[in-house]
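S.K.: Next come a sequence and a model predicted from it.
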Amino acid sequence: MKLAIWLLLILALSSIVGTLIPQEGPGVHLHLSPGLLKVFNALQLSDFYHSFLFLSLAGLLGLNLLVCTTRRLPSLVRSVRNASSGGIPANAHRTEINVAGEDTGSTMLKLEGIIRYRYGKVSREESSGGVTLSAQRGRHKRLILSLAHLSILVIIFGMIAGRFTGFDAYVELAEGTSTDRAYLNSNPGVVDLGFTVRCDAFKADFYDNGMPKEFLSELSFLEDGRTVQQGSLMVNHPVSFRGIRFYQSNYRVGYDARLNVVQGSDNESITASAGKEYMLDDQVTRIRILRIEDDFMKMGPAVQLDVSGPDSHGQVWVFKYIQEISSAIPDLFTRAPQFNPGRFAPFVFSLDGLTHHYITGLSVNRDPGGVIVAAGSLAFFLGIFTALLIPRKRIWAECRDGKISITVQPGISPGTPDEEILHILKEVNGELR
Amino acid sequence: MNTTILGWVTFIYLAAFAFFILRIVLGRRYFGIAGNILTAAGFVAHTAGLVFRWVESYHLGYGHAPLSNFYESLVFFSWTIVLFYLFVESRKAASTIGVFCLPISFIFMAYASFSPGISSQIQPLIPALKSNWLISHVITCFLGYAAFVIASVYSAFYLYRLRASGHAASANGIEERIYQILVIGFIFFTIGIMTGSVWANSAWGRYWGWDPKETWALITWLIYASALHARLIHSWSGKRFAILVLIGLASVLFTYFGVNYLPGLHSYL
Ligand code: HEM
């Protein structure tokens, strides 16, 4: 029990570590000397809550809990049945009483009635020395409390089970596109969803002052090419399909470029997306779209292409406002040949403009342990709640050597025992009716 | 409108505090009674201010409970502290701790109302905050915090008594009261953590992410769990129990204010 307090405090103290050191995750880069980095890695400080140190502490608490509780359980079950099991505790309040003008036998009978009225069932034990009456209120308190403690183990089990059987992943979908896989958050890797999810539309709504109001993805779930389920996904309103849950996580704006490629008298229009590859009309030259920028180097919309023809290969930036830029900087193409739209003759590229579309960011996860954690938490809470609110009180009335004494044990949460005894005395003396 | 009322509430609490000081210094009971009447009046106005603010947010077309930014959370925190003070006081009128509780409420209100860095404007809710779980989360957490604050006030008082009289007997009743308030706080705070994690599960897809705010809530919870256990062991009750309660308060304050200075992802308050 003392160990439990220390464990709780040490666990609390060590939890602080992970809040002071940035935990591994997107966008966190530590700038450390190599020596310090070694220490960090050895102690797993940047993934502290999954480190050996922290998990062992939690495990130790769990073990302590298990041992403590199971060891107490039999005596607790016994104490539900019998108030005086375990004897009269040392910290109980004992008072001798005098009842003038009555014999002890009839006083004990009276007491039995009063105690039964106030406490419920009374057990009576007769030994050579005398008679002991005992009773208790809140008899289930400690048993419930122990079961509540055990449900902490259920919670820990659910968390571990979830880690081993579930996954946490992420996927980005442009409007109109679909996928059947997602990318794991923790380590590089993909999960096959086992079905296809498509983003039919995305809407971003804003308040008048510019703050975001609502993000919404219209999703379709397909199996073997057939739509099985459709639903709107919003922040705080996840959508679930085949045990896998989707969450609206974030979004960004993606651009398509309307490119023109002129070759002699041939004029070709391409609507191009970043990362995609296109074959030009000559059937040998390919272009790949490396980047699409809304406002590149403050010179307006621009697209970076990778061009690979039969005898040339290289990159070029195509600006929408190339006319204006090159007249402002007359020697632009000699200083920066990669900005020359005619760099790969006979092709001349130009950019009509950009169209934009939304790309929705979805968290995708599966956590079979979640239900266990929820059940454990609920059991823990209900157990602690009832146990803390039920006061447990015990009372003994003894008659020994012609003397009567009353002993009251306050639970952990007493009223005052003296008041209780006083009250009973008054009833015995018939002062209360 | 609501901010004007809440500004006045600040001064009512200050006046109540002044009466409680007079009660201690001059030893006249009626100053304590006057302090309590003022506190109750301030609380009524405080409640009205919160309700008006709620209604006003509907007139602005946003329509949400006044629990969504730093200003509102400070005002609500202060409200829960006074609520708990009045609750405890109504059960055992002593007015001895008013002199410690009222300045806390006053400081929170004054900080909310008059700090230049805190905007008292009603703002609309961003999507992540649109959740009924969030409302129950905030309310239960602050009720828990408030109970911890009151329990800590009693603990400080208890430690002071121990030093002054040198033995525990005179402080016995106080220890019992600390324990009872702590139990209430622990239950509220436990519900707070649970509802918060249900909310996190629907907003971010995980019920527990070791975010600094979550972790500090757990730290606070563990400290108070150990304080409750300490009360069960005889050799650990009394002084050590009271000290644990005060350590817990430091953790509460860090969970509330300090976390924003740590590297973290989300701090809505
Ligand atoms: C992890 C967190 C834990 C929490 C939140 C917790 C919570 C509680 C609470 C609220 C009580 C009731 C206290 C009271 O009635 O005043 C209690 C009692 C108790 N706890 Fe824990 N506890 C935890 C861990 C442990 C551990 C690790 C042990 C170790 C063995 C333990 C052993 C006990 C015992 C023996 C009691 C007294 C039961 C009785 O009165 O019969 N607890 N606990």
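M.R.: That came through, no problem.
S.K.: For the chain, which segments count as helices?
M.R.: Because you didn't say which chain, this covers chain A. In chain A, the helices defined using DSSP state H lie at A:2-20, A:34-42, A:52-81, A:104-119, A:141-165, A:322-328, A:332-335, A:369-389, A:417-428.
S.K.: I was after chain B.
M.R.: B:2-26, B:29-59, B:70-91, B:98-114, B:132-165, B:172-204, B:212-232, B:239-256.
S.K.: would you turn the ones you listed into a markdown table with mean neighbour count?
M.R.: Any C-beta I mention is one placed from the backbone N, CA and C, and that applies to glycine too. Conversion of the helices of chain B to a markdown table gives the following (neighbours: other C-beta atoms under 10 Å in any protein chain shown):
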| stretch | mean neighbour count |
| --- | --- |
| helix B:2-26 | 19 |
| helix B:29-59 | 17 |
| helix B:70-91 | 21 |
| helix B:98-114 | 21 |
| helix B:132-165 | 21 |
| helix B:172-204 | 21 |
| helix B:212-232 | 22 |
| helix B:239-256 | 21 |
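S.K.: out of those helices, nearest to the ligand?
M.R.: With respect to the ligand, and counting by C-beta to the nearest ligand atom, the nearest of the helices of chain B is helix B:212-232 at 3.7 Å.
S.K.: Would the closest one count as contacting the ligand?
M.R.: Yes. Part of helix B:212-232 sits near the ligand under the criterion C-beta under 6 Å from any ligand atom, namely B:Ala225, B:Leu228, B:His229, B:Arg231, B:Leu232.
S.K.: Mind putting those into TSV with pLDDT?
M.R.: Written out in TSV, the entries for the residues of helix B:212-232 next to the ligand read as follows (pLDDT from 0 to 100):
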residue	pLDDT
B:Ala225	94
B:Leu228	91
B:His229	90
B:Arg231	85
B:Leu232	79
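S.K.: of those, closest to A:Glu223?
M.R.: B:Ala225 (47.3 Å; C-beta to C-beta).
S.K.: and the closest one, what is it in contact with?
M.R.: B:Ala225 makes contact with A:Leu8, B:Phe186, according to C-beta atoms under 8 Å, 6 or more residues apart in numbering or on different chains.
S.K.: Which parts of the stretch 201-350 of chain A are strands?
M.R.: Under the criterion DSSP state E, counting those that start in this stretch, strands of the stretch 201-350 of chain A are mapped to A:212-223, A:226-234, A:239-241, A:244-263, A:266-273, A:277-279, A:286-293, A:302-308, A:313-319, A:347-366.
S.K.: For the helices of chain B, give me TSV that also has distance to A:Pro301.
M.R.: As requested, those are exported to TSV (distance: least, C-beta to C-beta, whole Å):
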stretch	distance to A:Pro301
helix B:2-26	46
helix B:29-59	41
helix B:70-91	40
helix B:98-114	46
helix B:132-165	40
helix B:172-204	34
helix B:212-232	40
helix B:239-256	47
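S.K.: Figure out which of those is closest to A:Ala83.
M.R.: Comparison of the helices of chain B against A:Ala83 by C-beta to C-beta identifies helix B:212-232 as nearest, at 19.5 Å.
S.K.: what separates that closest one from the chain centre, distance-wise?
M.R.: On the basis of C-alpha atoms, centre = their mean, to the nearest Å, helix B:212-232 sits 16 Å off its chain's mean C-alpha point.
S.K.: Nearest to the ligand: which residue in chain A?
M.R.: For chain A and the ligand, the shortest gap (C-beta to the nearest ligand atom) falls at A:Cys68, measuring 2.7 Å.
S.K.: and that residue, how many neighbours does it have?
M.R.: 15 (other C-beta atoms under 10 Å in any protein chain shown).
S.K.: Dead centre of chain B: give me the residue that sits there.
M.R.: A centroid search over chain B (C-alpha atoms, centre = their mean) returns B:Ala146, at 2.6 Å, as the residue closest to the centre.
S.K.: Can you check what pLDDT the model gives that residue?
M.R.: Here, the pLDDT recorded for B:Ala146 equals 96.
S.K.: check contacts around it.
M.R.: Applying C-beta under 8 Å, 6+ apart to B:Ala146 gives the contacts B:Phe77, B:Thr80, B:Ile81, B:Leu83, B:Phe84, B:Gly185.
S.K.: Let me have those residues in CSV, adding pLDDT and distance to chain A as columns.
M.R.: CSV is the format used below for the contacts of B:Ala146 (pLDDT from 0 to 100; distance: C-beta to the nearest C-beta, whole Å):
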residue, pLDDT, distance to chain A
B:Phe77, 95, 21
B:Thr80, 96, 20
B:Ile81, 96, 22
B:Leu83, 96, 20
B:Phe84, 94, 17
B:Gly185, 96, 11
